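Enquirer: sequence first, then the predicted structure, then my questions.
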Amino acid sequence: MILTQLPTEFEQAKPIIETIEAAGFEAYFVGGSVRDTILGKPIHDVDIATSAFPAEVKSLFKRTVDTGIEHGTVMILDHGNGYETTTFRTESGYQDFRRPDQVTFVRSLKEDLKRRDFTINALAMRANGEVIDLFDGLADLDTRVIRAVGVAEDRFHEDALRMMRAVRFASQLGFTIEPATAQAIADNAQLLTKIAVERTRVEWEKLLLGQQPVRGLQALVASALYRYMPQMADQAPMLTKLMALPTWHLASVEEAWTLLVWLMGLPNEAAIRQLLKAWKTSNELIDHVMAAWQVMTALQHDSKLAPMTLFKAGAAALKTANTVANLVGFGQPQATIDAAYEALPIQDKHALALNGGDLLKQQVVKPGPRMGQVLAQLLTAVVNGKVSNESSALLDFARMVADTEND
Ligand SMILES: Nc1ccn([C@@H]2O[C@H](COP(=O)(O)OP(=O)(O)OP(=O)(O)O)[C@@H](O)[C@H]2O)c(=O)n1
Ligand SMILES: [Mg+2]
């Protein structure tokens, strides 16, 4: 197969390959970008594999960065782009099921491709668009199959994360996992516990955000792989609910985690925090999901959200909450929520027409914990439309509040 129309990313990278070839080495485009181009999907990063050793690569280009030199990877910088260029290599001795004990640089493309995970990821492409297909990856792309290169179990022992990658690709591409590969996942599922949570999380999130998430979930359940994901051993009921939802597509990791947390029926914020901490998500994500969960809890009981509920959540978490609520069956038109939010007297506490400094200057309160309480009452009163957001009105209100508290 020769691809005649290459995406601009490849066109821009051609001179890199040509420079390496002119020095007498081989160089190919490899990995996901070749797969996705054949599938007609947009590509993100262009990876290059070469017979040149790292020192040889570095001698050919003015600007390079040693991004992973011990594994043979050098980043070549060219016209504002960076190209990860990795020497053909074989690997051996995967005692920890994560990474090889030893990497050996080789001069043979075939040796390099045969240690890759799936046939659809073991394609290489020359600068002229000619696809090198040594493991029948093209046939598997055609029949939409995810098949390990060689013996599936060996591939999963080399890197157990590949089991998550298989179910993630099933979702992203809408492919089927070939039976022997699926069986090897079922047989080796517990090896997932050897993998860093962060790596598992990336694949899990990609699965949830994929085009056909239910396909990925079905594979995850059929193999029992989910049981070895953090905090997921008992989550078969949640996964069943997820798979039973009418067709869904998620647009963000915030939506994904909010949906999971909701379907898990977690009782409170502490439980949500505990789950997300186990998955090592960012604190921003935890805050967002907790805010969205609060909104969903409120929406479930009353279709009209209270001003403080709207205010505390903020526009982004409101959108997440309502999107997920619509998926599970009790959402509102987004325009209704947006209009209610826009109608709030203020959307940000910094928009309050009176601040702590003003309260001190006017000697309403002395510095100390009371200050925060008075400001919180002011904020609530303004958001609820009890006091208008003007400094004189707020000052009067603050004096009243402070006096009451003095009594
Ligand atoms: N555990 C892994 C990770 C990667 N690879 C190989 O390295 C390539 C690039 O890896 P990566 O960028 O992580 O994945 P992609 O397949 O490119 O998928 P994506 O589009 O998500 O980047 C893969 O295609 C595959 O050939 C592998 O064999 N085993
Ligand atoms: Mg990639």
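Expert: Alright, I've got the coordinates. Ligands and ions are numbered 1, 2, ... in the order given.

Enquirer: so what's Thr73 bridging to?
Expert: As for beta bridges, Thr73 partners with Gly68, Thr86 under DSSP bridges.

Enquirer: and Met75, what does it touch?
Expert: Shown in contact with Met75 (CB atoms under 8 Å, 6 or more residues apart in numbering): 64-67, 82-85. C-beta: built from backbone N, CA, C; applies to glycine.

Enquirer: near ligand 1, which residues of this structure?
Expert: Near ligand 1, the residues belonging to the chain are 31-32, 47, 116-117, 121-122, 159, 161-162, 165 when assessed by CB under 6 Å from any ligand atom.

Enquirer: now do 5 Å
Expert: By CB under 5 Å from any ligand atom, the residues of the chain that approach ligand 1 are 31-32, 116-117, 121, 159, 162.

Enquirer: export the contacts of Met75 to JSON lines and tack on neighbour count, secondary structure and pLDDT?
Expert: Converted to JSON lines, the contacts of Met75 look like this (neighbours: other CB atoms under 10 Å; DSSP: H, G, I helix; E, B strand; the rest coil; pLDDT from 0 to 100):
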{"residue": "Thr64", "neighbour count": "20", "secondary structure": "strand", "pLDDT": "97"}
{"residue": "Val65", "neighbour count": "14", "secondary structure": "strand", "pLDDT": "96"}
{"residue": "Asp66", "neighbour count": "11", "secondary structure": "strand", "pLDDT": "96"}
{"residue": "Thr67", "neighbour count": "13", "secondary structure": "strand", "pLDDT": "94"}
{"residue": "Gly82", "neighbour count": "15", "secondary structure": "strand", "pLDDT": "94"}
{"residue": "Tyr83", "neighbour count": "21", "secondary structure": "strand", "pLDDT": "96"}
{"residue": "Glu84", "neighbour count": "17", "secondary structure": "strand", "pLDDT": "96"}
{"residue": "Thr85", "neighbour count": "28", "secondary structure": "strand", "pLDDT": "97"}
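
Enquirer: now for those residues: which two are most distant?
Expert: Asp66 and Tyr83 (13.9 Å; CB to CB).

Enquirer: if we only consider the contacts of Met75, which is nearest to Asn389?
Expert: Among these, and counting by CB to CB, the member closest to Asn389 is Gly82, at 49.1 Å.

Enquirer: check the offset of stretch 296-315 from the chain's centre.
Expert: 27 Å (CA atoms, centre = their mean, to the nearest Å).

Enquirer: now stretch 257-272
Expert: Here stretch 257-272 is found 18 Å from its chain centre; the criterion is CA atoms, centre = their mean.

Enquirer: show the contacting residues for the closest residue in space to Ser252 that isn't next to it in sequence.
Expert: Nearest non-adjacent residue to Ser252, counting by CB to CB, 6 or more residues apart in numbering: Thr320, 7.1 Å away. Taking CB under 8 Å, 6+ apart as the contact definition, Thr320 lies against 252, 254-255, 258, 288-289, 292.

Enquirer: what's the mean pLDDT across stretch 270-290?
Expert: Stretch 270-290 shows a mean pLDDT of 98.

Enquirer: can you list the buried residues in that stretch?
Expert: For stretch 270-290, the neighbour count (16 or more other CB atoms under 10 Å) marks 272-273, 275-276, 279, 281, 285-286, 288-290 as buried.

Enquirer: circling back to that earlier point, closest to ligand 1 out of the residues of the chain next to ligand 1?
Expert: Using CB to the nearest ligand atom, Gly32 is the member of the residues of the chain next to ligand 1 that lies nearest ligand 1, at 2.3 Å.

Enquirer: neighbours of the closest residue to the closest one other than its chain neighbours, how many?
Expert: Excluding the flanking residues, the one nearest Gly32 by CB to CB, 6+ apart is Asn121, at 6.6 Å. The tally of other residues near Asn121 (other CB atoms under 10 Å) stands at 21.

Enquirer: give the contact list for the spatially closest residue to Pro230 that is not a sequence neighbour.
Expert: Distances taken as CB to CB, 6+ apart put Ala278 closest to Pro230, at 4.5 Å, once the chain neighbours are dropped. Ala278 makes contact with 197, 230-231, according to CB under 8 Å, 6+ apart.

Enquirer: any idea which helix or strand comes after the lengthiest helix in the chain?
Expert: Longest helix of the chain, by residue count under DSSP state H: helix 307-328. Beyond helix 307-328 on the C-terminal side, the first helix or strand identified by DSSP states H and E is helix 334-342.

Enquirer: check which residues of that next one are buried.
Expert: Neighbour-count burial for helix 334-342, counted by 16+ other CB under 10 Å, picks out 337, 340-341.

Enquirer: which one of the residues you listed sits closest to ligand 1?
Expert: Relative to ligand 1, and with distances defined as CB to the nearest ligand atom, the nearest of the buried residues of helix 334-342 is Ile337, at 33.3 Å.

Enquirer: my guess is that closest one contacts Asn322, does it?
Expert: Yes. At 5.0 Å, Ile337 counts as touching Asn322 under the criterion of CB atoms under 8 Å.

Enquirer: circling back to that earlier point, how about the residue nearest to Gly32, what does it touch?
Expert: Contacts of Asn121 by CB under 8 Å, 6+ apart are 31-32, 35, 137.
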